[in-house]
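1. What shape does this take:
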Amino acid sequence: MPTKLAIRPWPRPLTPEWSKFSATAESIYLDFLTRGASKNVALAFLANAELVSGLNADQPGGLYGKTSPIEEGPLPDIAEQNAVAWEQLEESRELGLRHVLTATSAGEAARTLAQYWIRPSDHDDLERVAMMADRWIKQGNLG
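-> You can find the predicted model right below:
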């Protein structure tokens, strides 16, 4: 029987960690919707940020591990990191943007975004990011 993959647990509700985590999640999700992304694509970016950074916008490389346009100093705010991420994907059709945009579920969009853009070294992360997107649909309380 195959081993079920584990995904990072969310912080406990009603804690300062949860407040920051959920505020960051909602900010990412709503920002991509404002940019014209579908709910599936917005959830794909959210799940990929969760996979890469645990929604910690201040870690090296930012939310997505690759969206800091500067080498040193403070990272841009969440909206700017999202703008850089969206721009990187829009400018690079070979990164699979059309596949991400035509995905029929949030899990598929998240997996595709990870495969073509984040490119995790652990192949299991492709399944984990899809599971994270699905968890946001089931348990997340977004906008």
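
2. I figured residue 132 was touching residue 6, is that so?
-> No: proximity of residue 132 to residue 6 does not meet the contact threshold set by C-beta atoms under 8 Å, at 11.3 Å. In this view, the C-beta of every residue, glycine as well, is placed from N, C-alpha and C.

3. the more surrounded of these two?
-> Between residue 132 and residue 6, residue 132 has the larger neighbour count (other C-beta atoms under 10 Å), namely 26 against 9.

4. hey, which helix is longest across this structure?
-> Secondary structure of the chain per DSSP state H: the longest helix is helix 16-34.

5. In that one, which residues are buried?
-> By neighbour count with 16 or more other C-beta atoms under 10 Å, helix 16-34 contains the buried residues 21, 22, 24, 25, 27, 28, 29, 31, 32, 33.

6. residues touching the second one, list them.
-> So that's residue 22. Shown in contact with residue 22 (C-beta atoms under 8 Å, 6 or more residues apart in numbering): residue 141.

7. And the lowest-mean-pLDDT helix or strand in the chain, what does it pack against?
-> One helix or strand of the chain scores below all others by mean pLDDT, DSSP states H and E: helix 97-101, with a mean of 80. Secondary-structure packing of helix 97-101 (3 or more C-beta pairs under 8 Å, 6 or more residues apart in numbering; DSSP states H and E): helix 39-53, helix 78-91, helix 106-113.

8. Kindly export that helix (C-alpha atoms) in CSV.
-> Output in CSV follows, covering the C-alpha atoms of helix 97-101 (Å, rounded to 0.1, in the frame of the first residue of the first chain):
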residue,chain,number,x,y,z
LEU,A,97,1.2,29.5,-18.1
ARG,A,98,-1.3,28.3,-20.6
HIS,A,99,-1.5,24.9,-18.8
VAL,A,100,-1.9,26.7,-15.4
LEU,A,101,-4.7,28.9,-16.8
